[in-house]
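J.: how would this look folded up:
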Amino acid sequence: MLFAAAALLLTPMAWDHLTAGASQGEPPLTQDSLEIGPSPSPTAEEVTKSPMPPPPSVPVPEPLVTSISISAIGDCTLGSGIGFAHQGSIGDYYDRFGPEYFFQGVTEVLSTDDLTIANLEGPLTQQGEPTPKTFNFRAPAEYVEIVKLGGVEAVTLANNHSMDYGEIGFQDTQATLDQAGITHFGFDDLAVVEVKGIRIGLLGDLGWDNTEETRSSLAQRLQELDADIKIVSFHWGIEGEHTQNAAQVSLAHFAIDSGADLVLGHHPHVLQGVETYNGRLIAYSLGNFAFGGNQNPSDTDSMIFQVHFELTGSVVTGLDSQIIPVSISSIGHPNDYSPVVLDGAERDRVERKVLGSSTNYPV
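T.: Coordinates of the predicted model:
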């Protein structure tokens, strides 16, 4: 077939020229004597010298940047204490207006974030006996709808009222929260919530002291917490004090040095300062919020502390925050248990109050 293909390229004139040698005593050239062989293979040296085509370029994807908005609110005591009159109590308002009433003044804020965290101060149970103490709070299980409808997705149970009705009351509370789809954490119970593919770890504890034992336990649990953002909620400080004490500051700093990205505080029932420390944030006391423990508290100031995290991949690469001043009662006095976002002069007053006890804030 190779010969045939080559022969097709010879014109009659060219063929006559090739065969002309026969008349001069040379043997005639025939098609059978015309051999066309394969091309010689390249040598190894030639192969080596041949340039190799560059490998196809594979684009490296840019790391994903994710924004996470977290709102932190204060003490949510959904029930009353022993001996409280029903009229004017949080239960009275529940009976008259239903669970959707209580957070109506803050829903616009809490429904637009990625995660809202509260301190649930008091069990959701009708069982158990009151533990010996000055105030024992509890609420029926259905009152969980107050925080659920209010946009709260996670609560800490690490406080001095979770055990007001013993272990059975505590277990009832956990079961009720589970049924409502609300994440709970506190004491030895760590929790992780996933938002937009980001793992948010939650740790709650009592912070009454700042001993080596407390620090060691905290550091170990923070290390065990497998999360991209780590949040610690402490129940600490002195009731009624508007300024954080040295023990709070020291323990908060230690928590951040041990891996926490955000530290939240509860128990004083009033607002305390905010601090930026090593590029992370501390809110020492968030005050009361939906607080059924007092029908007419003298201090109704509160806030929503909203923190915005930016992560590149799974690493926190930026954060900022804002103080959103709130009153725990939409009518001022007495308490109507319906927190509302403040504006105008009252907003400015509460913000100045928080900033007056703050350090290195804002970011």
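J.: report the beta-bridge partners for the residue nearest to A227 when sequence neighbours are not counted.
T.: Of all residues not flanking A227 in the chain, G201 sits nearest, at 2.8 Å (CB to CB, 6 or more residues apart in numbering). No exception for glycine: its C-beta is placed from N, CA and C like everyone else's. Beta-bridge partners recorded for G201 (DSSP bridges): V192, K230.
J.: any idea of the mean pLDDT in stretch 125-133?
T.: Throughout stretch 125-133, pLDDT has a mean value of 97.
J.: any idea where the helices of the stretch 201-350 of the chain begin and end?
T.: Applying DSSP state H, counting those that start in this stretch to the stretch 201-350 of the chain gives helices spanning 212-224, 246-257, 344-355.
J.: was I right to think the residue nearest to A227 contacts A191?
T.: Yes - applying CB atoms under 8 Å, one finds G201 in contact with A191, separated by 7.4 Å.
J.: what about the two, which has more around it?
T.: Using other CB atoms under 10 Å, the more surrounded residue of G201 and A191 is G201, with 23 against 19.
J.: and the nearest residue to R221 once chain neighbours are set aside, how many residues sit next to it?
T.: Closest residue to R221 apart from its sequence neighbours, by CB to CB, 6+ apart: L203 at 5.7 Å. By the criterion of other CB under 10 Å, L203 has 27 neighbours.
J.: and E351, by the same measure?
T.: 16.
J.: looking at this structure, which helix or strand is least sure?
T.: Within the chain, no helix or strand scores below helix 2-7, which has a mean of 37 by mean pLDDT, DSSP states H and E.
J.: how about the contacts made by the residue nearest to R221?
T.: Going by CB atoms under 8 Å, 6 or more residues apart in numbering, L203 touches F185, L190, L218, R221, L222, L225, K230, I231, V232, S233, A260.
J.: let me know whether the fourth one touches L190 as I believe.
T.: Right, R221. Yes - if you go by CB under 8 Å, R221 and L190 touch, sitting 6.4 Å apart.
J.: and the gap between the residue lying closest to G313 once chain neighbours are set aside and E310?
T.: Spatially, and ignoring its direct neighbours in sequence, G313 is nearest to P63 (4.4 Å; CB to CB, 6+ apart). For P63, the distance to E310 equals 12 Å [CB to CB, to the nearest Å].
J.: and the residue nearest to P325 when sequence neighbours are not counted, how many residues sit next to it?
T.: Excluding its sequence neighbours, the residue lying closest to P325 (CB to CB, 6+ apart) is V350, at 3.6 Å. The number of residues packed near V350 is 22, by other CB under 10 Å.
J.: so how far is S111 from V350?
T.: Going from V350 to S111 by CB to CB gives 22 Å.
J.: still on that earlier bit, list the contacts for the residue nearest to A227?
T.: Going by CB under 8 Å, 6+ apart, G201 touches L190, A191, V192, L225, D226, A227, D228, I229, K230, I231.
J.: check what pLDDT the fourth one gets.
T.: The one in question is L225. What the model reports for L225 is a pLDDT of 98.
J.: and it, its phi and psi?
T.: Per-residue torsions, L225: phi -80, psi 110 (degrees, to the nearest 10).
J.: correct me, but it touches D189?
T.: No - judged on CB under 8 Å, L225 makes no contact with D189 at a distance of 11.6 Å.
J.: between the two, who's got more neighbours?
T.: The residue with more neighbours, out of L225 and D189, is L225; 20 against 14, by other CB under 10 Å.
J.: okay, now V193: neighbour count?
T.: The burial count for V193: 20, using other CB under 10 Å.
J.: who's in contact with the residue nearest to it when sequence neighbours are not counted?
T.: Among residues not flanking V193 along the chain, I200 sits closest, at 4.8 Å (CB to CB, 6+ apart). If you count contacts by CB under 8 Å, 6+ apart, I200 has them with I68, I70, L115, V192, V193, E194, A227, D228, I229, I231.
J.: now do F305
T.: Taking CB under 8 Å, 6+ apart as the criterion, F305 is in contact with S71, A72, I73, L264, V274, A283, L286, S321, Q322, I323, I324.
J.: and which of those residues is nearest L177?
T.: L177 has its nearest neighbour among these in I73, at 16.0 Å by CB to CB.
J.: doesn't that closest one belong to a strand?
T.: Yes - when DSSP: H, G, I helix; E, B strand; the rest coil is applied, I73 is found to be in a strand.
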